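>>> Quick one, fold the following:
(2 chains)
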Amino acid sequence: MKEKHIQISGVVLAALYSVFIAWLYWAEPKNLAEVSTKAQTTIENVTTKTQVAIGTYEIDKAKFNEGLDAFRNGNFIVARDSFERADPERRDAQTQFYIAYSFYRQGFGKISNDDALFRKGLEQTNLVVQADKNFKSDDADLQLKTPAELKNEFEEGLKVTASDFNPFKVLRERK
Amino acid sequence: MPEVESSKFKVQSSKSKFEERDTDDLSVVNGELLEISGDKKIETNQKLELSTASKQQRINDKGQTTNQQAAIRNYLLLPFIFLTVALLGGLRLGANNFLFLKPALVCLIFASVLLVLFFRADLIRLDGWFSEQFSTLKNIANVAVLFSLFAASTQVFNSLLPESGLPFWVVAFCFFWTLWNNLFAEFDTKKLLKSLGSLFGLAFVVKYLLLANLTAPANESWWQGIFQNPTQEAFTYLLDLPRFATATGYIQFFMLVSYLIGLYLLPPILLEEKRK
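Numbering: from 1, shown residues only, chains lettered A, B, ... in the order given. Just a heads-up that it's a prediction; the model follows:
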């Protein structure tokens, strides 16, 4: 083995070992079993970031469909979880719009809305606008098609006005 | 001897003066004189050249082997030792879990001062490690070795400094005081290594023997501690001592010994430079 080869392998091995040590201190696994779990998560994250960097990022269609089924069945917590897994980088406007919509549908109340969920929904709507300014949903089941309409619904829901005390308010329908 | 001399005399008496000179010369020749042909002379010369060349080859091979061994030590063994030290330096064992403690900023500062000390005491000579005459690859490989040394030094301080509270500041001040004084002292390599060995040894004893014995056991509840080990519980509370498993001390001892071995193996200048 030539000196040059030893130097190259030395540099490469030292770099790999350093990365492993840095990862250990960053991930802080609590036991040996957690080492493999955290390694898997890190690899998935790195793969997604790489896909974003080289422009080949796509959402996980299977998880998106799971989320959509849960959303249509009114199981909004499961739906959000599936949507978040489908789009971990929060770059797909459609997925983000469904997450925002799930906050609206879950937080809607005939007498009063859930303010906490509406606030989260409002923040989520901003993510949709960031991902695609001109997004418009083609889902016939949704009455609010754009982030602007959804945003307006959230803002109106969070305001306390005289109309909130109108007894006929209980007759309004969820969109 | 007298027999030889008498025979010599007989020969001399029977020959002419011209022959006498030849017989004088012959007296030193013990064997038979043979005429050597031109081809044989060339053959002998070739054999001589071959033996010289093989000797030279053997010397070169030996030199190459030494070079290889030095390269393996410098570029594979040393980074491995130092990076293992860097890995273990922040590792603590809890009751049933690993804890990876990141080094405090002060550890990085101490490690930098320590590297300056290494250069001052000629434990590492900058011109022997980096040179325009070296190839880029060699300079990069040397940077990797020194980087691993820096990481290891940082983690040694991380290991030896108590994690929090008053002990952290007391030991950190002692380290700072010693390193600061050493910066202005005249050192040679041996003295520096001895000084570091004793400094680190003392810090190890303080943290992993003295303070560890003042700390209440990790698997004990607060109430249990108050009734069974009130003194330890009081010291743990007052000095803000973290509770680690006993195995932590063994791991850190191994780490410290490895670091000192690494320093001992570290060449001040690299082999090529030495030969020049």
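
>>> The residue of the stretch 51-200 of chain B found nearest chain A: what's it in contact with?
Residue of the stretch 51-200 of chain B nearest chain A, by CB to the nearest CB: B:Tyr75 (3.1 Å). To be clear about C-beta, it is placed using only N, CA and C from the backbone, and glycine gets the same treatment. By CB atoms under 8 Å, 6 or more residues apart in numbering or on different chains, the contact list for B:Tyr75 reads A:Ile6, A:Gln7, A:Ser9, A:Gly10, A:Val11, B:Ala141, B:Ala144, B:Val145.

>>> Make a ChimeraX selection of the buried ones in the residues you listed.
ChimeraX command restricting those to the buried ones, with burial defined by 16 or more other CB atoms under 10 Å in any protein chain shown:
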select /A:6,7,10,11 /B:141,144,145
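
>>> Same list (the contacts of B:Tyr75) but as a markdown table, adding secondary structure, pLDDT and distance to B:Val113.
Formatted as a markdown table, the contacts of B:Tyr75 follow (DSSP: H, G, I helix; E, B strand; the rest coil; pLDDT from 0 to 100; distance: CB to CB, whole Å):
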| residue | secondary structure | pLDDT | distance to B:Val113 |
| --- | --- | --- | --- |
| A:Ile6 | helix | 90 | 31 |
| A:Gln7 | helix | 90 | 29 |
| A:Ser9 | helix | 92 | 32 |
| A:Gly10 | helix | 92 | 27 |
| A:Val11 | helix | 93 | 27 |
| B:Ala141 | helix | 91 | 25 |
| B:Ala144 | helix | 93 | 22 |
| B:Val145 | helix | 93 | 19 |
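
>>> which two from the contacts of B:Tyr75 end up farthest apart in space?
Put simply, by CB to CB the two of these set farthest apart are A:Ser9 and B:Val145, 13.1 Å from each other.

>>> which phi and psi does B:Arg92 have?
B:Arg92 adopts backbone torsions of phi -130, psi 150, taken as degrees, to the nearest 10.

>>> Please name the nearest non-neighbouring residue to it.
In space, and not counting its chain neighbours, B:Arg92 is closest to B:Leu99: 4.3 Å by CB to CB, 6 or more residues apart in numbering or on different chains.

>>> Wasn't that neighbour part of a strand?
Yes. Assessed with DSSP: H, G, I helix; E, B strand; the rest coil, B:Leu99 lies in a strand.

>>> residue contacts, the closest residue to B:Gly201 other than its chain neighbours?
Ranked by CB to CB, 6+ apart and with sequence neighbours excluded, the top spatial neighbour of B:Gly201 is B:Leu256, at 7.9 Å. Shown in contact with B:Leu256 (CB under 8 Å, 6+ apart): B:Val156, B:Ser159, B:Leu160, B:Phe200, B:Gly201, B:Phe204.

>>> do the same with A:Asp114
Taking CB under 8 Å, 6+ apart as the test, what A:Asp114 contacts is A:Gln106, A:Gly107.

>>> So it versus B:Val116, what's the distance?
Taken as CB to CB, to the nearest Å, the spacing of A:Asp114 relative to B:Val116 amounts to 61 Å.

>>> what do you get for B:Leu77?
B:Leu77 is 25 Å from B:Val116, where distance means CB to CB.

>>> So between the two, which is more surrounded?
Comparing B:Leu77 with B:Val116 by neighbour count (other CB atoms under 10 Å in any protein chain shown), the higher total belongs to B:Leu77, at 16 against 13.

>>> which residues sit in contact with that one?
Going by CB under 8 Å, 6+ apart, the list of residues near B:Leu77 reads B:Leu265.

>>> And the pLDDT at it?
B:Leu77 is assigned a predicted lDDT (pLDDT) of 93.

>>> That one belongs to a helix?
Yes. Checked against three-state DSSP, B:Leu77 lies within a helix.

>>> ok, how many other residues are close to A:Leu144?
Number of residues near A:Leu144 (other CB under 10 Å) recorded here: 17.

>>> Contact partners for the nearest residue to it once chain neighbours are set aside?
Nearest residue to A:Leu144, sequence neighbours excluded (CB to CB, 6+ apart): A:Leu150, at 4.8 Å. Taking CB under 8 Å, 6+ apart as the criterion, A:Leu150 is in contact with A:Phe97, A:Ala100, A:Tyr101, A:Tyr104, A:Gly121, A:Thr125, A:Val128, A:Leu144.

>>> surely the last one meets A:Tyr104?
This means A:Leu144. Yes. A:Leu144 is in contact with A:Tyr104 according to CB atoms under 8 Å; the separation is 7.5 Å.

>>> Mind listing the shared neighbours of the two?
Joint contacts of A:Leu144 and A:Tyr104 (CB under 8 Å, 6+ apart) are A:Leu150, A:Glu153, A:Lys175.

>>> just the residues you listed now: which is nearest B:Phe244?
Nearest to B:Phe244 among those, with distances taken as CB to CB, is A:Leu150, at 52.2 Å.

>>> Ramachandran coordinates for the closest residue to A:Val52 other than its chain neighbours?
Using CB to CB, 6+ apart and skipping residues adjacent in sequence, the residue nearest A:Val52 is A:Glu89, 5.6 Å away. In terms of degrees, to the nearest 10, the main-chain angles of A:Glu89 are phi -90, psi 0.

>>> and the gap between A:Glu89 and chain B?
The gap separating A:Glu89 from chain B is 27 Å, by CB to the nearest CB, to the nearest Å.
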